[in-house]
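In: Would you be able to build a 3D model of this:
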Amino acid sequence: TKRWTFYHMDDIHGSGSEALVVDQCQGEMLYVPSGWRHSVENLEEAISVNHNWAMAGSLDCVFDCVVDEIRAVEEEMDAWGMLNPVAETDTHSRVREDMLRGCVGMDVSMFCALVVSCFTTCLLDLLNENCSGNERERDAWLDFYRIARILGTILDTTMFDEQEEYVNDDDKNGEEMVVIDLQGRLKSTLGEKHARDTMELMHCLHDFACQATNKCTKDM
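Out: Below you'll find the model as predicted:
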């Protein structure tokens, strides 16, 4: 048996006031919404299997995780003397993506495919006539807006020089943004043509999303 304690969003110190406590018994499954702060206590010896789901509502968290691992991979390659821009080859790019995939379970091209898939699913929901005028439509628009922001963030990382500091609007600490070199990473795993096509598709989707969300905001 495992005891889960879910803390109230205002309980930043984890004091337990207004906490929700749930006991999970053998054979039971528990879904934890993304970002819900919690603690777990094993009341007896137990083996559990955890799985992190990547979906439209948590894409920003997944992207943050990927970026953190990109930083870690870059630091490790630098420690091994493998970060030499003059001697950069496709092999180095493939090594980057292999290491990233080993650390976080996906590389940059896989994350881009996830974003495009979420975009398509969300757009189909919005086009569904049964979705109009209810909470499902509101949730779909929220997911659509999140995806548009993630697309913009990914594409922005290709527009800055390696030495230039890029501060995200949401980054209150002024932390330096990782330059992903999106096209180079896509090229190393997909090949030059598919990388170019993927970049073009993502730019088109982002432009469409910006126009759609702007129109929705005006209509509201």
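In: for the longest helix anywhere in the chain, packing partners?
Out: Criterion DSSP state H: the longest helix present in the chain is helix 192-219. In terms of contacts (3 or more Cβ pairs under 8 Å, 6 or more residues apart in numbering; DSSP states H and E), helix 192-219 is packed against helix 108-127, helix 135-156, helix 182-190. Where C-beta positions appear, they are placed from N, C-alpha and C, glycine not excepted.
In: Okay, now the unreliable bits of this protein?
Out: 11-16, 82-90, 129-134, 158-179, 215-220 (pLDDT under 70).
In: So which residue of it lies furthest out from the middle?
Out: residue 44 (34.5 Å; Cα atoms, centre = their mean).
In: Quickly list what residue 6 is bridged to.
Out: Counting by DSSP bridges, residue 6 is bridged to residue 20, residue 38.
In: That one and residue 18 touch, don't they?
Out: No - in this structure residue 6 lies outside contact range of residue 18 using Cβ atoms under 8 Å: 9.9 Å.
In: Counting neighbours, go ahead and name the busier of these two.
Out: residue 6 (17 against 11; other Cβ atoms under 10 Å).
In: Report the contact partners of that one.
Out: 19, 20, 21, 22, 32, 36, 37, 38 (Cβ atoms under 8 Å, 6 or more residues apart in numbering).
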